[in-house]
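[1] Kindly return the folded structure for what I paste below:
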Amino acid sequence: MLTIDVERSEDVAVVRCAGRLVRGQEVSTLKDAVISENNTRIVVLDLSAVEMVDAGGLNALVSLHNWTRDRGIKLKLVNPSPFVYAMLKCTQLDRVFEISSLHDAFMVLVGADCREARHAASV
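    The predicted structure follows:
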């Protein structure tokens, strides 16, 4: 079973996933959650609590990567569990996705907000 929790802050959606990302209803649940965030600039998939991923789950991630890219949305994978990271590395999908720690992703987002605020203040 896969559970999804979505938190949105302005134009960033954080999609927290827990459980098994496997072929079937779990893949559909993830796709629906990400596609519903089509009015955002960045979708962050927190995979820290995903304990299992199969070929169907990996295919769903690639499909979502393509879907977001085609819409100008940035997709970031953060904190993949050791098993998920090993699968991404084994299939060389670690070269396709932007993968980082949640802390690093947060710092990039905060840094971008700070740069935009400084730019707006200087204009």
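[2] And the helices in this structure?
    25-35, 55-70, 82-90, 102-122 (DSSP state H).
[3] Which of those helices has the lowest mean pLDDT?
    Set side by side, the helices of the chain show their lowest mean pLDDT on helix 102-122, which sits at a mean of 56.
[4] In the sheet, which residues pair with the most centrally placed residue in the chain? Tell me.
    Of all residues in the chain, the one closest to the mean position by CA atoms, centre = their mean is L45, 2.4 Å from it. Applying DSSP bridges to L45 yields these beta-bridge partners: V15, L77.
[5] Give me the pLDDT for it.
    With respect to pLDDT, L45 has a value of 95.
[6] do V78 as well
    95.
[7] quick one: it and D70, what's the gap?
    Distance, V78 to D70, by CB to CB, to the nearest Å: 22 Å. Glycine gets a C-beta too; all of them are placed from N, C-alpha and C.
[8] if you count what's nearby, which of these two comes out ahead?
    V78 (20 against 8; other CB atoms under 10 Å).
[9] isn't the more buried one right next to A49, touching?
    No - counting by CB atoms under 8 Å, V78 stays clear of A49, with 11.6 Å between them.
[10] who's in contact with the closest residue to A18 other than its chain neighbours?
    What sits nearest to A18 in space, not counting adjacent residues and going by CB to CB, 6 or more residues apart in numbering, is A49, at 3.6 Å. For A49, the set of contacting residues under the criterion of CB atoms under 8 Å, 6 or more residues apart in numbering consists of 16-19, 81.
[11] so how far is Q92 from A49?
    Look at A49 and Q92: by CB to CB, they are 24 Å apart.
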